[in-house]
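Q: Here's a sequence, model it:
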Amino acid sequence: MKVASCGIHGFHETIGLDVDQIRVFWTLESDEYAVQTAYRVVVSTSKRDLADDGSINPNATCDSGKVASDEQRNILCKPDDGFRSTCSYYWRVTVWDEHDVATQSDVQTFFTAYPRSQLLPPYSMNQKYMPHSSLIFRTWFEDIENKWKAVWIGDGGDKPLYLRKGFNLARKPCKAIALASGLGHFDLHVNGQPASDHVIDPGWSNYHRTVQYVGYDLTAHIDAGDNVLAAHLGNGFYAGSGTEEDRFFWPMYEDNTYVRYGNELCFFAELHLFYEDGTHDIMHTDPSWKVRKSATTLANIYASETHDMRLYPSGWTSPSFNEAEWVSAKPLTGPRGLLRYQSQPPVVLHDKLEPVSTTTPRPGVVCFDLGQNASIMLHLAVEGPAGSEIIVRYSETANEDGTVLMPDPLFKDFETKVYCKIYLAGTGAPENWRPDFSFTAARYIQIEGVSTEEGLGLPVVRSIHGRHISSASTRVGSMKTDKEDVNALIKASHWSLSSNIFSYHTDCPQIEKFGWLEVTHLLAPASQYVFGMEALYTKIIYDMIDAQEPSGLVPTMAPEIRYMCGPLHDTISWGGALCLLPELLVKYYGSTWVIPQVYPAAVRYMDYMKSKERLGGLIEHGLGDWGRDIAWGNLQANIETAYYYKCLQNTEMMARHLGRTEEAEKYKTWAARVYDVYNKELLITDDESLPYTYYTSRDNIGQRDCQAVAQAYALQFNMVPAEHIPSVQQAFLASVSDNRIRSGELGLKCIFETLIDLQRPDIVLAMARQEEHPSYMRFLRKGETTFLEFWQDECRSKSHDLFCTIHEWFYAGVLGIRPVGDAYRTFVVRPPHDSEFKDVEGFVDCPYGRIAVKFSQTAEKVVLNLTVPVGTEASIAIPENFGSSVKVLRSDQEVMADQLGQTLKLKNGGYSIEFR
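A: Residues are numbered from 1 along each chain as shown. Next comes the predicted model:
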């Protein structure tokens, strides 16, 4: 047995942690059957303290000692006095197997920032007031080693700018760590090289409440002699720029509701230099830094930028650059938000998308089809005379001649007012351009003022490609089937999901880019199969806490960039993500990290929702099943009351976790009351015209109906009295018997989950394959490569993830993997026996390791090859309609046979299971 990997709950990268305790985890691997019987976690500022001689190390920061336990996740490490500031920590875990044989992990490391300091010192106080008012500000400058040193700087303006600081070192540091932030977004460089592969750092947040900073390990880039730290700063949402040249900026759309977080782009950095002799130097932002305006003169997050190559100061990120014409930076007040480490995965560039076709609809206009719709940053190389103006437009839809098209007449601005403008420097060689601070979803690119051929008197496009931009979340799952149309749907769904995950989870990367909250919990079961989402969901919870209003209301989006109204602002199936995500983090990752932080906010939200109850417990003031018939608003009482009930249960769970038993009982009683009212008002048991019990909606008060979504919500939220479950399942199947989708984004999830429970893949496939909308396959038949916003042939947005709940069905209903215990500690594997799928294979890297499944069936037998990770147990239901024997092989040894009618329970290892 060996320790395969380790990590810290809630953090993707670990350079700049700002907490006084952490929770760690590890995964194990073994070629043979193995069980962890004990563990020991040691954390220290010295690697020497990690040597394991079996005794508690008094020099270690944390030492758990040998703990008899098989737990591998959510292990608390809490120093008595917290972690030291700006310090490297090392940790490792030792595990013992069932034979008491020990094995150690590799040494892990993290670097702290300032765990107990959340604000930058105001420069004006430092320089002017402190000398004359030392007693007033004394406490501000006490304990200075645990406080930030840097100050916010800029040029006082709201247009992109460059900043740099040259410095000379007498010796090479053994470690160099930078902590930096720039608003709206920044790129950091050191000695002519990018500091990382990140783009659009830091993550978007409510800058009045929270500002994220980012950590970079620059050790490999800094040497003795001349060095330079340089940053390029752009607008983002912080100081949105969209009015210039009549460019489109949605928060200014219609009623100009956008109010800037700030009017001055600002940046700060601290560079911590450590030397072998134990000394520690700090270089930080102050007025000695130099600044100048950027060659990018407009940076609009909605994919509009203006860049003048003639203004670009070549070599400005290198130490030898002459900065004589640059001016001193101005110290700025900066944002009001407290500093928080960027815990979620950074945004990076992924797949390269090359054009699959090129057209020239008219002279000077060249159009490219990238073949795949996706969130992208475009890379373009053009050669031409100085001052040549080039326009780049993006679109998810194209006219027949290849030119860009916005099919929705209400949003023509995306066709006419979203574009990038580039001026060439005329160097005589290809000039490369990529947007600095913007991205969009696009498949089609229209470039004006160019040609693909020489001799036409126009700049020539030398190369073009798109780079998919998305979260750096670990990719953890993949699957394929023997049905090509299903594989195509899996691919389209994956691109739709991936194109909407950044430092927040949006539902469209093109038209809105807003942090709508319903997709976070609706798509959590789907996305966790293919992306490592724990750290991102943790950050989204912080965003919701920041967005919560004094009344307790959690709005429909976080960060909240544009104030909506009515149900677009107040809907529990959106705002309820505050209570839903903590439980999902426990379910999928075994992590309780956020519960102490989110519980007070959940209490306030439930108190707010109580004031909205109707008929003693129903909630029905929200958006309903959004996306049905575009925006139907139906089934509010069914859907929103179900979420209310679940939120109350989750608040109870959090109270019990925190040891608040009395409060937990309060929420248990509260939820029971809502359950009773739900069934009193919505459960129909006396309809003699139908042979089953069912749930009605209150869409037309006084009239009864039996919709599939109403039955599915009651079943999936465990709101059906036990004696009525078979009858309600019958009502559900009757409601979907014509294989038609009658739901929006919320209803789809519960419909698919119910069909998984009832083992009816045939109905899901028939729904997906309908000729007319609603239909998934109609999207693909019309040439789409991602899912659209609504069940329409043409939409304003064609990279929406609203309907990606089918991705959960692919993995849970076809590959057959479903978690049962927290973090997949126990899980079931049930591929669709006796279905049209004959060959299915794939894997999911769950928190304990890789679960691999390969399933094939013929008329005579079913063969299931399965890999079960160390520390988990798989349950395999034996299909009743297959013969008289079961053969289970592990490492070519038969370990079980003739288990017909039972459930196989298998510990870690690789298995081949044959049902006849």
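Q: Not counting its neighbours along the chain, what's nearest residue 908?
A: In this structure, residue 908 finds its nearest non-sequential neighbour in residue 870, 4.3 Å apart by CB to CB, 6 or more residues apart in numbering. The way it works is simple: take the backbone N, C-alpha and C, and place the C-beta from them, glycine included.
Q: Same question for residue 871.
A: The spatial neighbour of residue 871 that comes closest, neighbours along the chain excluded (CB to CB, 6+ apart), is residue 848 at 4.7 Å.
Q: quick one: the one you found and residue 822 touch, right?
A: No: look at residue 848 against residue 822 with CB atoms under 8 Å: they stay out of range, at 10.6 Å.
Q: more neighbours, the two?
A: It is residue 848, of residue 848 and residue 822, that has more neighbours when counted by other CB atoms under 10 Å, with 24 against 18.
Q: who's in contact with the more buried one?
A: By CB atoms under 8 Å, 6 or more residues apart in numbering, the contact list for residue 848 reads 27-28, 72, 823-825, 869-872.
Q: let's go with 10 Å and repeat that
A: Under the criterion of CB atoms under 10 Å, 6 or more residues apart in numbering, the contact list for residue 848 reads 4, 25-28, 72-73, 590, 823-825, 827, 868-872, 908.
Q: now residue 747
A: Contacts of residue 747 by CB under 10 Å, 6+ apart are 624-628, 632, 634-635, 638-639, 707-710, 712-713, 741, 805.
Q: just how off-centre is the helix or strand that it is a member of within its chain?
A: When elements are assigned from DSSP states H and E, residue 747 belongs to helix 745-757. What separates the centre of helix 745-757 from the centre of its chain is 22 Å, taken as CA atoms, centre = their mean, to the nearest Å.
Q: Same check on stretch 290-305?
A: Using CA atoms, centre = their mean, the distance between the centre of stretch 290-305 and that of its chain works out at 26 Å.
Q: and it, C-alpha only, in CSV?
A: Only the C-alpha atoms of stretch 290-305 are listed here, as CSV (Å, rounded to 0.1, in the frame of the first residue of the first chain):
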residue,chain,number,x,y,z
LYS,A,290,7.0,52.7,-12.3
VAL,A,291,3.8,52.8,-14.4
ARG,A,292,2.6,53.7,-17.9
LYS,A,293,-0.6,53.3,-19.9
SER,A,294,-1.0,50.0,-21.7
ALA,A,295,-1.1,49.4,-25.4
THR,A,296,-4.4,47.8,-24.6
THR,A,297,-6.5,50.9,-24.4
LEU,A,298,-9.8,49.3,-23.8
ALA,A,299,-10.4,46.1,-21.9
ASN,A,300,-14.1,45.1,-21.7
ILE,A,301,-14.8,41.7,-20.1
TYR,A,302,-17.5,41.1,-22.8
ALA,A,303,-14.8,40.3,-25.4
SER,A,304,-14.2,43.9,-26.6
GLU,A,305,-10.7,45.1,-26.5
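Q: Now it: average pLDDT?
A: Computed over stretch 290-305, the mean pLDDT rounds to 95.
Q: ditto for stretch 640-654
A: If you average the pLDDT values across stretch 640-654, you get 98.
Q: buried ones in that stretch?
A: By neighbour count, and taking 16 or more other CB atoms under 10 Å as the criterion, the buried residues in stretch 640-654 are 640-654.
Q: Pick the one among those residues closest to residue 376.
A: Among the buried residues of stretch 640-654, residue 643 lies closest to residue 376 (CB to CB), at 34.4 Å.
Q: Quick check: residue 285 touching residue 165?
A: Yes: applying CB atoms under 10 Å as the test, residue 285 and residue 165 come out as touching, 7.5 Å apart.
Q: okay, those two: which has more neighbours?
A: In this comparison of residue 285 against residue 165, neighbours counted by other CB under 10 Å, the higher total goes to residue 285 at 27 against 21.
Q: Now do the same contact list for the more buried one.
A: 120, 123, 149-154, 163, 165, 180, 229, 231, 266-271, 329, 331.
Q: Now, the residues you listed that are in strands?
A: Counting by DSSP state E, the part of the contacts of residue 285 found in strands is 153-154, 163, 165, 180, 229, 231, 266-271, 331.
Q: Now the buried members of the residues you listed.
A: Taking 16+ other CB under 10 Å as the criterion, what is buried in the ones in strands among the contacts of residue 285 is 153-154, 163, 165, 180, 229, 231, 266-271, 331.
Q: Name the nearest residue to residue 800, sequence neighbours excluded.
A: Once flanking residues are discounted, residue 800 sits nearest to residue 789: 4.1 Å by CB to CB, 6+ apart.
Q: can I assume the one you found sits in a helix?
A: No: membership of residue 789 in a helix is not supported by DSSP: H, G, I helix; E, B strand; the rest coil, which gives coil.
Q: was I right about it contacting residue 519?
A: No: between residue 789 and residue 519 there is no contact under CB under 10 Å: 11.9 Å.
Q: So these two - more neighbours on which side?
A: The residue with the greater number of neighbours, taking residue 789 and residue 519 and applying other CB under 10 Å, is residue 519; the counts read 27 against 23.
Q: Can I get the longest strand anywhere in the chain in PDB, CA atoms only?
A: Using DSSP E to assign secondary structure, the strand with the most residues in the chain is strand 365-383. Written as PDB, here are the backbone C-alpha positions of strand 365-383 (Å, rounded to 0.1, in the frame of the first residue of the first chain):
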ATOM      1  CA  VAL A 365     -13.500  40.000 -44.500                       C
ATOM      2  CA  VAL A 366     -12.400  36.500 -43.600                       C
ATOM      3  CA  CYS A 367     -14.500  34.100 -41.600                       C
ATOM      4  CA  PHE A 368     -13.300  31.100 -39.700                       C
ATOM      5  CA  ASP A 369     -15.200  28.100 -38.300                       C
ATOM      6  CA  LEU A 370     -13.400  26.600 -35.300                       C
ATOM      7  CA  GLY A 371     -15.600  23.500 -35.500                       C
ATOM      8  CA  GLN A 372     -16.400  23.600 -31.800                       C
ATOM      9  CA  ASN A 373     -18.400  26.100 -29.800                       C
ATOM     10  CA  ALA A 374     -16.500  26.900 -26.500                       C
ATOM     11  CA  SER A 375     -15.400  29.600 -24.200                       C
ATOM     12  CA  ILE A 376     -12.200  30.900 -25.800                       C
ATOM     13  CA  MET A 377      -9.400  33.300 -26.000                       C
ATOM     14  CA  LEU A 378      -8.400  33.900 -29.600                       C
ATOM     15  CA  HIS A 379      -4.800  33.800 -30.800                       C
ATOM     16  CA  LEU A 380      -4.100  35.700 -34.000                       C
ATOM     17  CA  ALA A 381      -1.000  36.400 -36.000                       C
ATOM     18  CA  VAL A 382      -1.200  39.100 -38.700                       C
ATOM     19  CA  GLU A 383       1.400  40.700 -40.900                       C
END
